[in-house]
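Enquirer: Requesting a structural model of the entry that follows:
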Amino acid sequence: MLRDTENTYKRIKIKELKTDSSLIDQEVTVKGWVRTLRLQKAFAFMEVNDGSTVSNIQVVLNNSLSCYEELTQTIQTGACVRVVGSLVSSLGGKQAVEIQAKEVEILGNAPADFVLQKKRHSFEFLRTIAHLRPRTNTFGAVMRVRNSLAFATHKFFQERDFLYLNTPIITSSDCEGAGEMFAVSTLDLENPPKNESGKIDFTQDFFGKKSYLTVSGQLNGEAYALALSDIYTFGPTFRAENSNTSRHLAEFWMIEPEMAFADLKDDMDLADDYLKYLIEYLLNHNTEDLEFFNSFISNGLLEKLSHILETPTVRVSYTEAISILEKANAPFVFPVKWGIDLQSEHERFLTEVHFKGPAIVYNYPKEIKSFYMRRNNDEKTVAAMDLLVPGIGELIGGSQREERLEVLEQTIRNQGLDIENYDWYLDLRRYGSAPHAGFGLGFERLVQYTTGMENIRDVIPFPRYPQHALF
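Expert: Next up, the predicted model:
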């Protein structure tokens, strides 16, 4: 409950009104936004939502209220109101409780043409009003699930004595080595300073060198894991990838734990435990939201999430996975052979058709993985793993990190990266190197998976993607 600064009443959230039976027959104060107003002969029904739950509270306005006529002629869908009244058991079958209003105040009205009337709007349209879409049932539920997943993430790692680390957003290192990074500069773009060779002189820039928005906090996380043992990051990351798909964003959030004294098996164990912990938390704490998604967004969602909890996660090597796919005789768009990077269709076949549940694929070819992954003794593969789930494919990707200085130096050179930019990273191998491992999980992809939302642009408050940086 929150004490109302305007009067002595206590504001109670609708979620609490619907779950705390001790409040029945008590006088309560609610504040929220009007979803609908239905007029009858002697009374009116007003549906109010405050964002605490997907369902509304029904407020009964009796015509004996001194302000009844003025209210019913004035209140519009979208208006913000304060309601004082008695919480009573409802005679209607659609709700367990309702409020018999004694006092109603319009805190902020809305025009009759308010864009969010009681009708369905396409998600594409709602993206154009991203500042208003959280008032819809779908996006309110998405944000509550997102909040729970964030809270459960911290809870999971804190319970295991991981330290929460804030890694930098501005960096000079390309963790993935892909070069798809947003540049950060204060130079005059129309007239940048030039050096003797005629190239842009970045020594005169704010940071004195080329700088970018980070694609990952992993490298910085490794530095602290190799001092504090177990850490995790949870922050924004950026990819300047010109991709207009339902699975990509230019700005998104990543969760990246790093563990010292850990190998690939430890990494797989942590990833599996983490995912199941989150799903169990949601099933226990966001039941109403998940039921909403199951009914209106993704039929079978609850069964899918429960199946992840109930089904052991299979672990299979990349080589074994390729053999399974080759023998499948399935009409894959991307041909299967050893050495390819598994595509979504391959990952979904493994989880949905072959294993019928989650799977971890490990020991990938070194040519398709990043420079920091530990080379295996076969000289062909690296100690990397991906956790795959039905319906989406890869959800978590991780590896044991290369702790051997000479091997890491050679790999950086072989991949054509500027070794000087990674000198500090190599120091971690020069001074007290230790085996360590970690993984990364794209938070929005997790929200997308657990809600059944089809487009990743609909599971982040204000999406950033090519040609779109509104709000």
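Enquirer: Let me see the contact set for Gly108.
Expert: By CB atoms under 8 Å, 6 or more residues apart in numbering, the residues touching Gly108 are Ala79, Cys80. For the C-beta atoms, the positions are set from N, CA and C on the backbone; glycine is no exception.
Enquirer: beta partners for it?
Expert: With DSSP bridges as the criterion, Gly108 is bridged to Cys80.
Enquirer: ok, it to Arg127 distance?
Expert: 25 Å (CB to CB, to the nearest Å).
Enquirer: just Glu402 next, same as before
Expert: Glu402 is 41 Å from Arg127, by CB to CB.
Enquirer: And for Asp269?
Expert: 38 Å.
Enquirer: Please identify which of Glu402 and Arg127 sits among more neighbours.
Expert: Between Glu402 and Arg127, Glu402 has the larger neighbour count (other CB atoms under 10 Å), namely 24 against 17.
Enquirer: now the helices: where do they sit in the stretch 1-150 of the chain?
Expert: Assigned by DSSP state H, counting those that start in this stretch, the helices in the stretch 1-150 of the chain fall at 14-19, 68-74, 123-127, 137-159.
Enquirer: looking at those, which has the lowest confidence?
Expert: If you rank those by mean pLDDT, helix 68-74 sits at the bottom with a mean of 91.
Enquirer: Need the contact partners of it.
Expert: Residues outside helix 68-74 that contact it (CB under 8 Å, 6+ apart): Leu37, Leu39, Ala44, Leu61, Asn62, Asn63, Leu65, Val104, Ile106, Asn109.
Enquirer: wait, what's in contact with the nearest residue to Leu23 once chain neighbours are set aside?
Expert: Closest residue to Leu23 apart from its sequence neighbours, by CB to CB, 6 or more residues apart in numbering: Leu87 at 5.2 Å. Residues near Leu87 by CB under 8 Å, 6+ apart: Leu17, Leu23, Ile24, Asp25, Gln26, Glu27, Val28, Val97, Glu98, Ile99.
Enquirer: Could you find the closest non-adjacent residue to Glu103?
Expert: In space, and not counting its chain neighbours, Glu103 is closest to Val84: 4.1 Å by CB to CB, 6+ apart.
Enquirer: For Ile24, see how far away the one you found is.
Expert: Distance, Val84 to Ile24, using CB to CB: 16 Å.
Enquirer: So between those two, which is more surrounded?
Expert: Under the criterion of other CB under 10 Å, the comparison of Val84 against Ile24 puts Val84 first, with 18 against 14.
Enquirer: looking at it, that one is touching Glu27, isn't it?
Expert: Yes. Contact criterion CB atoms under 8 Å: Val84 and Glu27 qualify, at 6.9 Å.
Enquirer: quick one: Tyr362 and Glu256, what's the gap?
Expert: Per CB to CB, Tyr362 is found 18 Å from Glu256.
Enquirer: Which secondary structure state does Asp423 sit in?
Expert: Classification of Asp423 by DSSP: H, G, I helix; E, B strand; the rest coil places it in helix.
Enquirer: how close does it sit to Ser399?
Expert: For Asp423, the distance to Ser399 - CB to CB - is 22 Å.
Enquirer: The two: which has the busier surroundings?
Expert: For the pair Asp423 and Ser399, the greater number of neighbours falls to Ser399 (24 against 10), based on other CB under 10 Å.
Enquirer: would you list every one of the helices in the stretch 251-400 of the chain?
Expert: Ranges of helices in the stretch 251-400 of the chain, per DSSP H, counting those that start in this stretch, are 264-285, 287-296, 301-310, 318-328, 344-348.
Enquirer: Tabulate these (a markdown table), appending mean neighbour count.
Expert: Listed next are these as a markdown table, based on neighbours: other CB atoms under 10 Å:
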| stretch | mean neighbour count |
| --- | --- |
| helix 264-285 | 19 |
| helix 287-296 | 17 |
| helix 301-310 | 16 |
| helix 318-328 | 17 |
| helix 344-348 | 19 |
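Enquirer: Figure out which of these is closest to Leu388.
Expert: helix 344-348 (4.6 Å; CB to CB).
Enquirer: and the closest one, what does it pack onto?
Expert: Under the contact criterion of 3 or more CB pairs under 8 Å, 6 or more residues apart in numbering; DSSP states H and E, helix 344-348 touches strand 381-389, strand 393-400.
Enquirer: Deepest-packed of the ones you listed, please.
Expert: strand 381-389 (a mean of 25; mean count of other CB atoms under 10 Å).
Enquirer: what comes into contact with that one?
Expert: 263-264, 267-268, 271-272, 275, 308, 313, 318-319, 342, 347-348, 350-351, 358-366, 369, 373-376, 394-400, 437, 439, 449.
Enquirer: Stretch 37-54 now?
Expert: Contacts for stretch 37-54 (CB under 8 Å, 6+ apart): 13-16, 18, 30-36, 55-63, 68, 72, 75-77, 81, 83, 101, 104, 134-135, 137, 140-141, 144, 288-289, 292.
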